[in-house]
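Asker: Attaching a predicted model along with its sequence, questions to come.
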Amino acid sequence: MTPEALYLSPTAELPYCKGCGHSLVVRQLSRALEHLGLPPRSIVLTTDIGCVGLADSLFPYLHTVHTTHGRSTAFGTGMALADLIAETQGLKPIVMIGDGGAMIGLLHLVHAAQLNIDITVLIHNNFLFGMTGGQHSALSPLNWVTATTPDGNSTPPLDLLTLLRTAHAPYLARQLSTSQELATTIAGAINYPGFAAVEIVELCTAYATRWNQATGASLEGIIGRQGQTMGELETEIERPTFRDVYRHQMDSPRPKRATAVVPRIKAKANLSGETRIVIAGTAGERVQSAAALLCRSALAAGLYSAQKNDNPVTQGSGFSLAEICLSPTSIEYTGMESPDVVLVVSEDGWKELQANGTLSACREETLLLVDSQIEDIPPKGRVVRLPLRREANPKRAALSAISAWLEMKPVLPAEAWDAALGLETTERRAESMTALKIGRRLACSGGIASAGI
């Protein structure tokens, strides 16, 4: 067995069309690996859909992964990251992808270059989709005849290596498949400790040579007419690899973060069954964070809690909504067919509850605690109006509404709030305590709590 057979099967019958550059790339890759002398099982060859994917069975001594179209770079990047984060085995991912797959998975190439992850990508550029009938790709030259551009391609080709250079790729090269330098270039890319891409220019002899007056001898001229150059491209001189950056971050001392686990208190909640609460207000006014504080307080008092949030795609405008379920037993269903308590602290929240059907789903016994500025009357429910926005301010209104409801129905002991507030920053804790006090005061001053509503 020759040294080359450690990589390429000695009995391999190359499955490509006569004159196809893929055959040359396969042999030059094997020679590059022979030159480097890497252990075959340290290499994982990731191939894409298309003729390029036929290389899998030709390298039986390597790990091989055949992926979906355009995703081979993502698979190779994922394996490199896994090898880095887990116990390092010195894995060396090599990606083989065509020009069509490179365009389908373009962002995977860009992201791998930005990360500077240690993978080598061999881009087989034969100017079209070879396996599926000769359609043009984003790398097809101007005036190139393909199955989908029978009068010649009118779209200028993308210079893939220039694009990857803007993504800070540190090693980029372009070679002909017939070049005597190809094996050396591939070896240099594999040996480079970071992201490396080699664009290998060739011809599809099934379609390109049939429809275009092109030969191997004319390839360099075709590339030149597109304003592109051959050989190794000038890139950044020094750039740390993702491995270096990751190890530095892991080894650097980092400040300890406060635990997010709510401590349990001895006092227990006063709740016999599930209670479902809706809090509705305006985006950016701490509706959802107030709901989260309620849930943490409930956990401290031994309850189960579930919270679901909703807001528009715009995030900072429109409504903000939280649905909460509190229960002394495990919560098996988080949906809300009919709320027990509805807290509404702004017109935005009220309009959303009208639109999503929450108000019409209320029962006669549902408590609706509504800001006094909202004049609309719900179809059902017991309505209590309090000047939450005026007295507490908009960013405290939601938490004040929660506090007012709990003053009416004392579900949680005071110690539960203390436990939850202990996880907040000093500034936010003071804000929350103020909001809670205002809510209790509003409930008591209206005679609501003593009325047992």
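Answerer: That came in fine, so what should we check first?

Asker: In contact with residue 22: list those residues for me.
Answerer: Each residue near residue 22 by Cβ atoms under 8 Å, 6 or more residues apart in numbering is listed here: 14, 16, 51-52, 54-55, 124, 177, 202. The C-beta positions use only the backbone N, C-alpha and C, and glycine is treated the same way.

Asker: On the three-state scheme, it is what?
Answerer: For residue 22, the assignment made with DSSP: H, G, I helix; E, B strand; the rest coil gives helix.

Asker: Would you mind measuring from it to residue 9?
Answerer: As judged by Cβ to Cβ, to the nearest Å, residue 22 and residue 9 stand 15 Å apart.

Asker: Figure out the helix or strand that the residue nearest to residue 40 when sequence neighbours are not counted lives in.
Answerer: For residue 40, ignoring the flanking residues on the chain, the nearest one in space by Cβ to Cβ, 6 or more residues apart in numbering is residue 61 at 4.0 Å. Secondary structure assignment for residue 61, by DSSP states H and E: no helix or strand.

Asker: ok, residue 61 touching residue 7?
Answerer: Yes: with contact defined as Cβ atoms under 8 Å, residue 61 and residue 7 form a contacting pair (6.0 Å).

Asker: Compare those two (neighbour count), which wins?
Answerer: Neighbours per residue, other Cβ atoms under 10 Å: of residue 61 and residue 7, the larger number sits with residue 7, 23 against 15.

Asker: all helices of the stretch 1-150 of the chain, in order?
Answerer: Remark: helices assigned in the stretch 1-150 of the chain by DSSP state H, counting those that start in this stretch are 21-36, 72-85, 99-104, 106-115.

Asker: Go through these and name the closest to residue 276.
Answerer: Closest to residue 276 of the helices of the stretch 1-150 of the chain is helix 72-85 (Cβ to Cβ; 41.2 Å).

Asker: and the closest one, what does it pack onto?
Answerer: When contacts are defined as 3 or more Cβ pairs under 8 Å, 6 or more residues apart in numbering; DSSP states H and E, helix 72-85 packs onto strand 43-47, strand 63-66, strand 92-98, helix 106-115, helix 242-251.

Asker: Please spell out which residues along that helix are buried.
Answerer: Residues 72-81, 83-84 are the ones in helix 72-85 that count as buried (16 or more other Cβ atoms under 10 Å).

Asker: Relative to residue 115, which of these is nearest.
Answerer: So of the buried residues of helix 72-85, ranked by how close each gets to residue 115 (Cβ to Cβ), first place is residue 77, at 7.1 Å.

Asker: From residue 67, how far off is that closest one?
Answerer: Separation of residue 77 from residue 67 (Cβ to Cβ): 11 Å.

Asker: Over to residue 300?
Answerer: From residue 300 across to residue 67, the span is 48 Å (Cβ to Cβ).

Asker: Please say which of these two ends up with more neighbours.
Answerer: Between residue 300 and residue 67, counting by other Cβ under 10 Å, residue 300 is the more crowded of the two (25 against 20).

Asker: what comes up buried for the longest helix belonging to the chain?
Answerer: Counting by DSSP state H, the longest helix found in the chain is helix 426-445. Neighbour counts over helix 426-445 (16+ other Cβ under 10 Å) mark 431-433, 435-436, 438-443 as buried.
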